[in-house]
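Asker: model the structure of this input:
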Amino acid sequence: MVQVSPFKAIRPDRKLAHKVAALPYDVVNSQEAQELAQGNPYSYFHIDKAEIDVSESISVYDPEVYQTAAKNLTDFLAKGWLVKEAAAAFYLYELVMDGRSQTGIVTCTSIQDYLDEKIKKHEFTRHEKEIDRMNHIRTCDANTSPIFLSYRPQNDIQVLVAEWKSTHRPIYDFTSFHEVTHRVWMIDDPLTIQTISDLFMKVDTLYIADGHHRTESAVKVGLEKRKNGEQNSETEKFLSIIFPEDQLAIWEYNRVLNVDVPEDFFPRMAENYTITKTQHKKPTQAGDCQLYDGQAWYTLSIKPEKIPQDPVGKLDVALLQKYILEDIFDIKDMRTDQRIDFVGGIRGTAELKELVDSGAYQLAFSMYPTQMKDLLTVADAKQIMPPKSTWFEPKLLSGLFLHDLETK
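Answerer: Take a look at the predicted model:
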């Protein structure tokens, strides 16, 4: 069983939600955030990527960046652009993209549940990225963006969610990045709040879909506050949005390589893959990936006898890593090797072609998406996927909900 708690959300004024809401900090770089926030003083990028408000000569990890984030958060509250609720509540957050809808429950989840492995992960994290978000959380004294969690569907929860949506008006309803519709409902009825808490006590496990760095950072800051005598009921929790797994879609997470391509590249690949020249730029089934080498596109189909049976080893991203990245190019640490980069599926295969044609990279691999069932299986087995195995769309926007740790 897992614990979920209502919370006193810091959230935008109803009229400003569409102007405040921003893409997650980790899917845009500083220049993109600067451009997206241009002319919009309400943009949450002023808090989540506060480097856009300091000198370009200053490192994005400089203390001044985090201090600016905290100052901007204080200013947003003082101006009424963000408001803290007087009473704890749950929220429903629906995203609709290309006609497909997913609805999550906005809540606070338990640090102890994470420590007890009731909230399961499938990726490792990088220390420097953890430190960045820990500094952001400490300085703002808040969980400044939510963790994207999932669970195996529970009919009673889905019925309650559908009924609340059908009988109440949303507090936010707007369309934003990539033409995604965002709707939010507030659940402030005490009986319904208690019912939701009770229903999740019947859920055995939550799974991190996206936000491993945010999770580790939130947990570590909470543990620091335990140690330093700053512990309270809010520091024992972190902000999450929980979706049933059958509503979620994983997109492909593609790879590009800046490498010296050996003369025997294709013969070496052919030891493990069947190679076919093609006009298709996206694979249509598991076991296939597409390769672009600047001249043509190819389908690489893994030979059945080369597929291991363990939950991680049989993933397409793991097969590519083993048989091509490691065996041919000696790329063994995808987190630190500068010869590889990753391109989210939302950017399309045209970007892969452009990156290779520009000369910045020599090879691009268009991947078949990892499936949700694979993610859950890997997490249940306490194993770890290769880095950048999943790309979720649509993205949960930041700035719609913050969780105050109440230690300042």
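
Asker: what about the helices in the stretch 301-408 of the chain?
Answerer: 316-320, 348-357, 372-380 (DSSP state H, counting those that start in this stretch).

Asker: show me the one of those helices that comes nearest residue 203.
Answerer: Nearest to residue 203, of all those, is helix 372-380, at 13.0 Å by C-beta to C-beta. Quick note: C-beta positions are derived from backbone N, CA and C, even for glycine.

Asker: hmm, who's touching that closest one?
Answerer: Helix 372-380 is contacted from outside by 120-122, 150, 152, 205, 207-209, 245-246, 248, 250, 311-312, 315, 384-385, 390, using C-beta atoms under 8 Å, 6 or more residues apart in numbering.

Asker: same check on stretch 104-114?
Answerer: Against stretch 104-114 from outside (C-beta under 8 Å, 6+ apart): 2-7, 9, 90-94, 118-119, 146-147, 149, 157, 161, 184, 196, 206, 215, 218-219, 222-223, 234, 236-243, 396, 401, 403.

Asker: which of the contacts of helix 372-380 are buried, as a PyMOL select command?
Answerer: This is the PyMOL syntax for the buried subset of the contacts of helix 372-380, where burial follows 16 or more other C-beta atoms under 10 Å:
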select buried, resi 120+121+122+150+205+207+208+209+245+248+250+311+312+315+385+390
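
Asker: mind listing which of the contacts of helix 372-380 are in strands?
Answerer: 120, 150, 207-209, 250 (DSSP state E).

Asker: save these as TSV, and put in distance to residue 19 and pLDDT too.
Answerer: Shown next, in TSV, are these (distance: C-beta to C-beta, whole Å; pLDDT from 0 to 100):
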residue	distance to residue 19	pLDDT
120	36	97
150	29	98
207	32	98
208	29	97
209	27	95
250	30	93
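
Asker: from those residues, which is closest to residue 54?
Answerer: residue 208 (31.0 Å).

Asker: now stretch 28-38: how far from the chain's centre is it?
Answerer: 18 Å (C-alpha atoms, centre = their mean, to the nearest Å).

Asker: put the alpha carbons of that stretch into CSV.
Answerer: In CSV, the C-alpha atoms belonging to stretch 28-38 read as follows (Å, rounded to 0.1, in the frame of the first residue of the first chain):
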residue,chain,number,x,y,z
VAL,A,28,14.6,22.8,-23.0
ASN,A,29,18.0,24.4,-22.8
SER,A,30,18.7,27.9,-21.4
GLN,A,31,18.5,29.6,-24.8
GLU,A,32,15.2,27.9,-25.6
ALA,A,33,13.8,28.9,-22.2
GLN,A,34,14.9,32.4,-22.8
GLU,A,35,13.1,32.5,-26.2
LEU,A,36,9.9,30.9,-24.8
ALA,A,37,9.8,33.4,-21.9
GLN,A,38,10.5,36.4,-24.1
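
Asker: please enumerate residues in contact with it?
Answerer: Outside stretch 28-38, the residues touching it (C-beta under 8 Å, 6+ apart) are 22-23, 25, 43, 45-46, 49, 51-52, 60.

Asker: select only the buried ones of these in ChimeraX?
Answerer: Only the buried members of the contacts of stretch 28-38 end up in this ChimeraX selection, burial being decided by 16+ other C-beta under 10 Å:
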select :22,23,25,43,45,46,49,51,52
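
Asker: quick one: which of the contacts of stretch 28-38 is nearest residue 304?
Answerer: Closest to residue 304, out of all of the contacts of stretch 28-38 and judged by C-beta to C-beta, is residue 23, at 39.9 Å.

Asker: and the gap between that closest one and residue 53?
Answerer: Using C-beta to C-beta, to the nearest Å, residue 23 is found at 17 Å from residue 53.

Asker: what confidence value was assigned to the residue nearest in space to the middle of the chain?
Answerer: The C-alpha lying nearest the average C-alpha coordinate of the chain belongs to residue 210 (C-alpha atoms, centre = their mean; 3.2 Å). The per-residue pLDDT reported for residue 210 equals 93.

Asker: now residue 157
Answerer: For residue 157, pLDDT reads 97.

Asker: counting neighbours, what do you get for residue 218?
Answerer: When neighbours are defined as other C-beta atoms under 10 Å, residue 218 has 29 of them.

Asker: what bridges to the residue nearest to the centre of the chain?
Answerer: residue 148 (DSSP bridges).

Asker: surely it is in contact with residue 393?
Answerer: No: with contacts defined as C-beta atoms under 8 Å, residue 210 does not count as touching residue 393, sitting 10.2 Å away.

Asker: what segments of the stretch 51-200 of the chain are strands?
Answerer: 82-84, 90-97, 100-110, 119-120, 142-143, 147-151, 172-176, 180-187 (DSSP state E, counting those that start in this stretch).

Asker: export the ones you listed as JSON lines, with columns for distance to residue 364.
Answerer: Listed next are the strands of the stretch 51-200 of the chain as JSON lines, based on distance: least, C-beta to C-beta, whole Å:
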{"stretch": "strand 82-84", "distance to residue 364": "41"}
{"stretch": "strand 90-97", "distance to residue 364": "25"}
{"stretch": "strand 100-110", "distance to residue 364": "27"}
{"stretch": "strand 119-120", "distance to residue 364": "32"}
{"stretch": "strand 142-143", "distance to residue 364": "36"}
{"stretch": "strand 147-151", "distance to residue 364": "27"}
{"stretch": "strand 172-176", "distance to residue 364": "29"}
{"stretch": "strand 180-187", "distance to residue 364": "26"}
